[in-house]
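Engineer: quick one, fold the following:
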Amino acid sequence: MRNSRSLLIIGVALFLALAAVLVAAKLMSDQGPSGTRVAVAAADIGQGARLVPTNLQLVEWPSGSVPPGAITDLKLLENRVTRTDIGNGEPILESKLAPPGTTGGLSAVVAAGKRAMTVRVNDVVGVAGFALPGNYVDILVNLAAGASDNGVREQSISKIVLERILVLAVAQESNRDDTKPRVVNAVTLELTPDQVEKLDLARSIGSLSLVLRNQVDPQPANTVGATRESVLGLPPAKAPAPVRAEAPRPASAPARPPAPRAEGVLVIRGLDAAPQAFDSKAPQ
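Structural biologist: Below you'll find the model as predicted:
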């Protein structure tokens, strides 16, 4: 009797536990799915690469932590081109993609309103190969002393003309994952149209150098440039005083001939004396 009662109690407990599990499952199903399917990279995708179905997949992502700009439909990614490197398992965000219709290559990496310009460098100008894609550099121009158009000799000067310029590629490589220095002979920079004009003029009138700067430092340099006098601690050179043209002197008037001297005698009359003059040119 006691055994049957124990079995009954155990059976009721098991029934109640099963009912609790079923009720909990029903409540969770009524709340809807716990995540959102988000497109992620199925392999490492390089900068400027075209997306294909083989390097994409949809995975469940917690609904409360879906990153802004995430893609939930793989059809929206057909023929899209990446602007940055995307690692395996990283979500595909709209901010990491070039506009629709963009072809692959470096042109997809250039930001809207910017231009890509290549400058020739060497192991010194290129910061010994440490200026890599994704880094920021300042551009320094050195002008040698020379005579200007007005004949005044200009002093040599070294001056930072462009600051915080993004390096898009070195030589023909735009991969940002490689951190090993590479000595190359050309660097491609991202510039605004105004900066392109300034850089083109700077490299035609002087020699260029790249200066590697901190990635997160936005502060401008605000320098006046270095001259021969400032480097050697000499007083500033005085500019030669301009030569003033002398005004033409007025033509001198012809000298007047001396007036003819009048000849005369002293006439004495009694106690009075008076000179008497007469013209020497009068007819005799």
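
Engineer: which strand or helix spans the closest residue to residue 236 other than its chain neighbours?
Structural biologist: Excluding its sequence neighbours, the residue lying closest to residue 236 (Cβ to Cβ, 6 or more residues apart in numbering) is residue 229, at 5.5 Å. Backbone N, C-alpha and C define where each C-beta goes, glycine included. For residue 229, the host element (DSSP states H and E) is helix 228-232.

Engineer: mean confidence score for that helix?
Structural biologist: Averaging pLDDT along helix 228-232 yields 82.

Engineer: next one: that helix to chain centre, how far?
Structural biologist: 27 Å (Cα atoms, centre = their mean, to the nearest Å).

Engineer: could you do stretch 159-166 as well?
Structural biologist: Centre-to-centre, stretch 159-166 and its host chain are 5 Å apart (Cα atoms, centre = their mean).

Engineer: skipping its backbone neighbours, what lies nearest residue 159 in space?
Structural biologist: Of all residues not flanking residue 159 in the chain, residue 225 sits nearest, at 3.6 Å (Cβ to Cβ, 6+ apart).

Engineer: would you agree the residue nearest to residue 236 is in contact with residue 235?
Structural biologist: Yes - proximity of residue 229 to residue 235 meets the contact threshold set by Cβ atoms under 8 Å, at 6.8 Å.

Engineer: looking at these two, which is more packed in?
Structural biologist: Neighbour totals were compared for residue 229 and residue 235, and residue 229 leads with 13 against 6 (other Cβ atoms under 10 Å).

Engineer: what's the span of stretch 74-83 from first residue to last?
Structural biologist: Its start and end residues considered, stretch 74-83 measures 18 Å (Cα to Cα, to the nearest Å).

Engineer: which residues sit against it?
Structural biologist: 39, 45-51, 53, 56, 58, 71, 92, 96-98, 100, 102-104, 108-109 (Cβ atoms under 8 Å, 6 or more residues apart in numbering).

Engineer: ok, residue 191 to residue 218 distance?
Structural biologist: Relative to residue 218, residue 191 is positioned 17 Å away (Cβ to Cβ, to the nearest Å).

Engineer: pick out whichever of the two has more residues nearby.
Structural biologist: Taking neighbours as other Cβ under 10 Å, residue 191 and residue 218 compare with residue 191 leading, 22 against 9.

Engineer: just grab the bridge partners of the more buried one for me.
Structural biologist: residue 115 (DSSP bridges).

Engineer: quick one: contacts for it?
Structural biologist: Counting by Cβ under 8 Å, 6+ apart, residue 191 makes contact with 114, 115, 116, 117, 162, 165, 199.

Engineer: what does residue 166 give?
Structural biologist: By Cβ under 8 Å, 6+ apart, residue 166 lies in contact with 134, 135, 136, 189, 190.

Engineer: can you lay out the residues you listed as CSV showing neighbour count and secondary structure?
Structural biologist: Below are the contacts of residue 166 laid out as CSV (neighbours: other Cβ atoms under 10 Å; DSSP: H, G, I helix; E, B strand; the rest coil):
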residue, neighbour count, secondary structure
134, 17, coil
135, 19, coil
136, 20, strand
189, 24, strand
190, 19, strand
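
Engineer: need the worst-confidence member of those residues.
Structural biologist: pLDDT across those is lowest for residue 134, at 84.

Engineer: how close does it sit to residue 70?
Structural biologist: Counting by Cβ to Cβ, the gap from residue 134 to residue 70 is 23 Å.

Engineer: what residues sit buried inside stretch 66-75?
Structural biologist: For stretch 66-75, a neighbour-count test (16 or more other Cβ atoms under 10 Å) marks 70, 71 as buried.

Engineer: ditto for stretch 130-150
Structural biologist: Across stretch 130-150, burial judged by 16+ other Cβ under 10 Å covers 131, 132, 133, 134, 135, 136, 137, 138, 139, 140, 141, 143.

Engineer: in strands, which of those appear?
Structural biologist: In strands, defined here by DSSP state E, the members of the buried residues of stretch 130-150 are 136, 137, 138, 139, 140, 141, 143.

Engineer: ok, now which ones touch residue 181?
Structural biologist: For residue 181, the contacting residues are 128, 129, 130, 132, by Cβ under 8 Å, 6+ apart.

Engineer: same thing but at 10 Å, please
Structural biologist: Shown in contact with residue 181 (Cβ atoms under 10 Å, 6 or more residues apart in numbering): 123, 126, 127, 128, 129, 130, 131, 132, 170.
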